[in-house]
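In: I would like the atomic coordinates for the input below:
(2 chains)
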There are 2 protein chains.
Amino acid sequence: MAGKVELRRAALRDTLIEHAERRITSDGLKNLRARDLAKDAGCALGAIYNVFGDLNDLVLAVNARTFKRLGAAVAESLADAPQDATQQLIVMSHAYHHFASQNFNAWRALFDIERPAGEAAPDWYLQEMGQLFAYIDAPLSVIFPDHSAENRALLTKALFSSVHGIVLLGLDEASAGVPAAQLDEMISLILNHLASSPQIS
Amino acid sequence: MAGKVELRRAALRDTLIEHAERRITSDGLKNLRARDLAKDAGCALGAIYNVFGDLNDLVLAVNARTFKRLGAAVAESLADAPQDATQQLIVMSHAYHHFASQNFNAWRALFDIERPAGEAAPDWYLQEMGQLFAYIDAPLSVIFPDHSAENRALLTKALFSSVHGIVLLGLDEASAGVPAAQLDEMISLILNHLASSPQIS
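Out: Numbers count the residues shown, from 1 in each chain, chains lettered A, B, ... in the order given. Model (predicted):
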């Protein structure tokens, strides 16, 4: 049975995640400060480090939530998608774009989090990523039935990265002159080209 | 004729750019501090702001150099590239990957620089970007001769963004499970698929 201390600790954990999520959403990851969170949560600065090893661990917990929401948004888009596999890829990619656009700071935090060199991402992260990849793999296996699983896995990651790159540079309009208004069109263009290519193994 | 003050100012400008470039290269943009630069250059902290409006302007000057080097690396790769247009796209993209990999911090600074919302990129930035896009546009116009210029421009930006996304997530191995060792393979896969697709307008 969990003791009082454990319960209080778990409650503080949730409170801190909620406040961190709010701060990241409004001010962006790079403006997240432990002392602000301590103030938000009404706890001592040191209490944060009793619950999370460091601020990065707290951000990871926020990112886990963001990933869940992202996965749900993509799954939801699939529910209404046409049967055509290429259209499914396009619909999911547009959903990715819209999620990123509507949750810009939280979405950026997924990728901007500091990671010590050589350290692998945590298991839950890889699982969430794997779920996203599974959504992409399904229509790809319809479009390219003769691709080996290994080749399709590579194509899945390349595709995800491509759409991510288009969304990333597109949402930072000043960055690469990618017109944000044409973002969805660019995604469709790339995916239509890809899907209409003959089998390449 | 430039007076002594102007000459000294120009010399300090160059010195500051060199030191900033060195610091960005070794420690990354986010660790760049004005007080370190003042120490490096042997000048007062305030002197930096006599030459550059703010630290961002100094980073932009470093980025201008990085862009020049990036453009040169891509142009150099083209010099030895085969005549085949698809191969040219692949060779350039691999050159982009290798430049990013070998100049990781300087390359990241190109995209991680803070930009006030709604502010356009400076002219030289758009020119350098335009040069990169011109390199991509040439083989694309061979592969898709029936594309309108407008459509090709969109495809050029989408392609650049796609390769950028693959390189970005690939070099951050923990991020999306993209295996860095297979980066070039992924780029080739995407580009071969794209280039072998029929005309889509």
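
In: What does A:Glu18 show for phi and psi?
Out: phi -60, psi -40 (degrees, to the nearest 10).

In: So which residues of chain A form helices?
Out: For chain A, the helices defined by DSSP state H occupy A:4-27, A:34-41, A:45-51, A:55-79, A:85-102, A:104-112, A:123-143, A:149-171, A:173-176, A:183-195.

In: isn't A:Met186 right up against B:Leu159?
Out: No - A:Met186 lies out of contact with B:Leu159 (C-beta atoms under 8 Å); the separation is 9.3 Å. From N, CA and C alone the C-beta is placed, and that goes for glycine too.

In: residue contacts, the closest residue to A:Gln182 other than its chain neighbours?
Out: Leaving out its chain neighbours, the residue that sits closest to A:Gln182 by C-beta to C-beta, 6 or more residues apart in numbering or on different chains is B:Leu154, at 6.2 Å. Counting by C-beta atoms under 8 Å, 6 or more residues apart in numbering or on different chains, B:Leu154 makes contact with A:182, A:185-186, A:189.

In: Distance of B:Leu154 relative to A:Glu119?
Out: Here the criterion is C-beta to C-beta, to the nearest Å. By it, B:Leu154 lies 38 Å from A:Glu119.

In: one step back: would you single out the least confident of the helices of chain A?
Out: Among these, helix A:173-176 carries the lowest mean pLDDT, at a mean of 60.

In: Any idea which residue of chain A lies closest to chain B?
Out: A:Gly165 (2.1 Å; C-beta to the nearest C-beta).

In: Next up, the contacts around that residue.
Out: If you count contacts by C-beta under 8 Å, 6+ apart, then A:Gly165 has B:161-166, B:168 around it.

In: Quick check: the residue lying closest to it once chain neighbours are set aside vs A:Asn31, distance?
Out: Leaving out its chain neighbours, the residue that sits closest to A:Gly165 by C-beta to C-beta, 6+ apart is B:Gly165, at 2.1 Å. Separation of B:Gly165 from A:Asn31 (C-beta to C-beta) stands at 25 Å.

In: ok, now A:Ser77?
Out: 31 Å.

In: got it, and A:Lys4?
Out: A:Lys4 sits 34 Å away from A:Asn31, going by C-beta to C-beta.

In: out of the two, which sits in the busier spot?
Out: Shown here are A:Lys4 and A:Asn31; by other C-beta atoms under 10 Å in any protein chain shown, A:Asn31 has more neighbours (11 against 7).

In: ok, the one residue sitting closest to the centre of chain A - contacts?
Out: For chain A, A:Phe67 is the residue whose C-alpha lies nearest the centre (C-alpha atoms, centre = their mean; 4.8 Å). Contacts of A:Phe67 were listed using C-beta under 8 Å, 6+ apart, and they are A:110, A:125, A:128-129.

In: how does chain A divide into domains?
Out: With domains defined by the TED database, chain A comprises A:1-53, A:55-196.

In: Just name the most buried of those.
Out: domain A:55-196 (a mean of 18; mean count of other C-beta atoms under 10 Å in any protein chain shown).

In: Give me the distance between the two termini of that domain.
Out: Terminal residues of domain A:55-196 lie 46 Å apart, using C-alpha to C-alpha, to the nearest Å.

In: Phi, psi for A:Pro82 please.
Out: According to degrees, to the nearest 10, A:Pro82 has phi -70, psi 170.

In: Need the pLDDT of it.
Out: So A:Pro82 comes in at 88 (pLDDT).

In: Distance to chain B added to the contacts of A:Phe67, as a markdown table?
Out: Output for the contacts of A:Phe67, formatted as a markdown table (distance: C-beta to the nearest C-beta, whole Å):
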| residue | distance to chain B |
| --- | --- |
| A:Leu110 | 8 |
| A:Tyr125 | 8 |
| A:Glu128 | 11 |
| A:Met129 | 6 |
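
In: Closest to A:Gly42 out of those?
Out: A:Leu110 (28.1 Å; C-beta to C-beta).

In: I figured that closest one hits A:Asn63, correct?
Out: Yes - assessed by C-beta under 8 Å, A:Leu110 is found in contact with A:Asn63 at 5.2 Å.
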